[in-house]
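# Provided below for reference: sequence and predicted model.
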Amino acid sequence: MVINHLRNMFSRGNSQDTAQTAPEDIGVLYIDGTVKFESSSIDFKNDTIFFTSSKDKVQIPIKKIDELDFTETVSKDPALSFRSERKEYLYVFKSNLPSSAIQFYGKVSEHVPAINKWEVLLSTDHVKLLVYDYTLGNYVVVDESVSATIYKKENKGYLRVYNQYKIYRKGDSTSDSSEFYIDQAGKSFSWAVQDKSSNCIVFRIVFPLLPMLFSFFSFYLSSSRKEERDDAEYFEKLEMENYYSTEGDSGEERDREEEKKREEEEEREREEEDERKREKKRSSEPVAGNVFGGRSRERNRALAVTREKAFISRGSSIGVFGHEDDDLEFKTSVTNISSKGNRIEPKKILAADGGTSLLLTESARSSNVHKLDLNTGKIAETWNTGEDTKDLFSEFKDSQGASAGNEFLGITGNSIYKIDPRSKDVVEGKKYATSTKFTSGDANAKGEFAIGSEKGEIRMYDKLDKRAKTLLPGLGDPITGVFVSPSGKYVVCTCKSYLVLVAAESSGVSGFRKSLGKDKPAPKKLTIRPEHRQEFGKEIEFTNASISTDEEERFVVVSTGEWVIIWDISKVLKGEVFSYQIRKNEHKVVSNSFIPGESRKIVVAMEDDIQVVSRNSMKSPNVFQYRR
C-alpha cells in the first residue's frame, strides 16, 4: 500500500512537471548554412527529430534522414549534422553543456547505424585512446574511456572511436593493411592516418583484457576482406604471429647473439672510419650523373649488380662501374642505345654471358627483350614475346646470388616463358587460361622460382612446365618485386608500403617442391613503424627489396625516398619486425642491392649518384626512437 502510494505520488508529480515545463532553448539550427532558429530546443520521439523555437517548429522523420552524426564546430561546440531531402542540417549545442548534448545523444544514438546504413560488426566499450606525440616521442592519453566500433558500409570496413557525442575518429578505413599493428604485451592496437596536410597521425587504443584485443583484431582484419574460411584463419594467424616469436630463445642463443653484436660493433667502428674516407673522396668527385655527359632531366633508373661490376641505366645510356676498394670506379658507358632506329630506355637490366652482355626490357615497347653486347655497344638480339613483359629474371642463381647460367625466365600477365640468349626463339613455358595478373618473379640456385601477382598472391614452382606447388594468399596489395635467396630458404616480396618475408620451408619441407597446404608458412610483414612514418616522408613507396646472398642470407634491404632500410631476418623471425636500421642519402634512391656474396656492402643507386655504402654505417632510428 505504502509503495503504491509513493509510486502514484511521484508519477503525478512527474507528469505535472512535464506538462508545465517547456523544452529548453539550448542551441542554434542551421539549414544549408543559414540560421533557421537562433535559439531553439531539440528533441527526439516517435522516430522524429523536433526543432522548436518560440515562433516555429521543424520536424523531420528519421526515415527521411541520411548520414546523421555528431561533430564539432570550429569553436569546439558539439553539434548534430545530417542531410534530409537534399538539405544540410546542423544543430549546434550552445547551452547546458555537456548534459544537453549527452541527453539527446542517448535518445538517438541507437538509431545512428540504421540511418547511416552501417553494418556493425563489433562494438567494444571502456578502452583507452592515445595519440602519438612526435615532440615527446611517446603516446599521450586523449580519453581514458572510449568506445570503438568496427562497421561496414558498401562492403568497406571502418573503425570509429567515440565517447558519447564526442567523435574522435569518425570512420578510418580498415582496408590499408600496412598502417596498423598490435602489441600483445601492451594489449593495444595502433594505426596511422593522414590529416588534411598529409601529416601522419598515429592513434592507439588499449584494451583492459587480451581476449578483447584478439576479438577486436579478428573483426578488424575481416571487415574489408572476402576470403574462404582457411584464408581468413591464415591472415589472422599472420597478423597475430607477426610481432612475437613462436621459437624459444635459449641462453646459448643469447650468448651467440651477444658475441655477434660485439663483433659487429668492432666492424662498425672500422667501417665508419672507412666511410669517412670514402665521403671525403666523393666530395671532390663529380656525381655519377655526369658520367653520361652532365646533369640532365633524366635520372638513374635500373640497376644490376654482379660480383665485379655495377650497371646503372639513365635514359638510353648505361654506365658501367667496377668495385674498387669498397667503392665504385667508373669504367665506361654505352650511350644512345637503340634498335632499328627506336631509342631504348631500359626498364630492367640483367647481366648475362659473364657480364659481357646485358638483357634489357623497356617500357615503350614492353613486349621486347633486348640483348646488349657491351663490347660493341650494340643490340645483338631482340626477342618479341607478343605480350607485355612484366618481369625478367635469371633462371638459376649461384650460391652468391649472381646469374648462374645464360637462360632467363620472363613473365606476362598470365604466362611464363624462357629466353636463351644463344637462341633466337622464345620458349613458351606455361600459360594460364585465367587471368593470374603476374607482376614479378625471381629464382634460386636450383632453378625453383616464385612469382608475385597484382592480387598479392605468391606462387612457388619447382619447374617451368609444372603447376605451382604452393600458393600463398596475398594481403590484398599488388606485389611490385620478388627476390628469392640462392638457397631458396627465403622469399621477400615488395608491396608499395610494406614487405612480405616468407620462410619457404615448413617442418623441413620446401614450398617450392611440395604443396604445404594448411601448413603453409605465415609470412612476416615488414613496414615502417607508424610512429616513425613522419620522419620518412609523407608517403612510403618501397623500391624492390633484396636479400644478402652471403652464406647466412641474413639481411633484407629496401629503400624509400632518400632512406635505405635494413632488417635482420634472424630478429624478424623472433618477432622484432620493427628492429630495422636506416641511412639517409643525399638524393632519392631508385634502387639498391647487396653486392653478390656480401652482407656488408650495398650498392645504392640514387637519381644522380651511385655509391657503395656499408651495412655497418646504418643506424637504429634513435633520433625518433619509439618509447613505450
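Great, that's in hand. Residues are numbered from 1 along each chain as shown.

# ok, residue 521 touching residue 511?
Yes. Contact criterion C-beta atoms under 8 Å: residue 521 and residue 511 qualify, at 7.2 Å. Where you see a C-beta, it was placed from the backbone N, CA and C, and this is true even at glycine.

# Name the residues contacting each of those two.
Contact criterion C-beta atoms under 8 Å, 6 or more residues apart in numbering; residues shared by residue 521 and residue 511: 472, 502, 504-505.

# So which of the residues you listed are in strands?
Members of the shared contacts of residue 521 and residue 511 lying in strands (criterion: DSSP state E): 472, 502, 505.

# partners of the second one in the sheet?
Using DSSP bridges, the beta-bridge partners of residue 502 come out as residue 491.

# next one: the first one
When bridges are called by DSSP bridges, residue 472 pairs up with residue 458.

# which residues does it contact?
Neighbours of residue 472 in contact, by C-beta under 8 Å, 6+ apart: 457-460, 502, 511, 520-521, 523.

# Is residue 418 part of a helix or strand, or is it coil?
The three-state label given to residue 418 by DSSP: H, G, I helix; E, B strand; the rest coil is strand.

# and it, how far is that from residue 115?
Residue 418 sits at a distance of 59 Å from residue 115 (criterion: C-beta to C-beta, to the nearest Å).

# do residue 574 as well
Distance, residue 574 to residue 115, using C-beta to C-beta: 48 Å.

# thinking again about what came up before, pLDDT and distance to residue 390 added to the shared contacts of residue 521 and residue 511, as CSV?
Listed next are these as CSV, based on pLDDT from 0 to 100; distance: C-beta to C-beta, whole Å:
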residue, pLDDT, distance to residue 390
472, 90, 19
502, 93, 20
504, 91, 22
505, 87, 27
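
# show me the residues around the closest residue to residue 165 other than its chain neighbours that make contact.
In space, and not counting its chain neighbours, residue 165 is closest to residue 105: 4.0 Å by C-beta to C-beta, 6 or more residues apart in numbering. Residue 105 makes contact with 70, 164-165, according to C-beta under 8 Å, 6+ apart.

# do the same with residue 143
Contacts of residue 143 (C-beta under 8 Å, 6+ apart): 128-129, 163, 166, 168.

# Filter the residues you listed down to the ones in strands?
128-129, 163, 166, 168.

# Narrow the residues you listed to those that are buried.
Neighbour-count burial (16 or more other C-beta atoms under 10 Å) is assigned, among the ones in strands among the contacts of residue 143, to 128-129, 166, 168.

# how about these, which pair is most distant?
Maximum pairwise distance in those, criterion C-beta to C-beta, is 14.7 Å, between 128 and 166.

# May I see the shared contacts of residue 521 and residue 511 organised as a markdown table, with distance to residue 433 added?
Below are those laid out as a markdown table (distance: C-beta to C-beta, whole Å):
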| residue | distance to residue 433 |
| --- | --- |
| 472 | 21 |
| 502 | 27 |
| 504 | 27 |
| 505 | 31 |
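
# Am I right that residue 214 sits in a strand?
No. Residue 214 is assigned helix when assessed by three-state DSSP, not a strand.

# and it, what does it touch?
Going by C-beta under 8 Å, 6+ apart, residue 214 touches residue 240.

# do the same with residue 191
Neighbour list for residue 191: 159, 172, 179-180, 202-204, 530 [criterion: C-beta under 8 Å, 6+ apart].

# please redo it, this time with the cut-off set to 6 Å
For residue 191, the contact set (C-beta atoms under 6 Å, 6 or more residues apart in numbering) comprises 179-180, 203.

# Can you tell me what sits against stretch 34-54?
Contact with stretch 34-54 is made by 23-25, 29, 58-62, 91, 104, 107-108, as judged by C-beta under 6 Å, 6+ apart.
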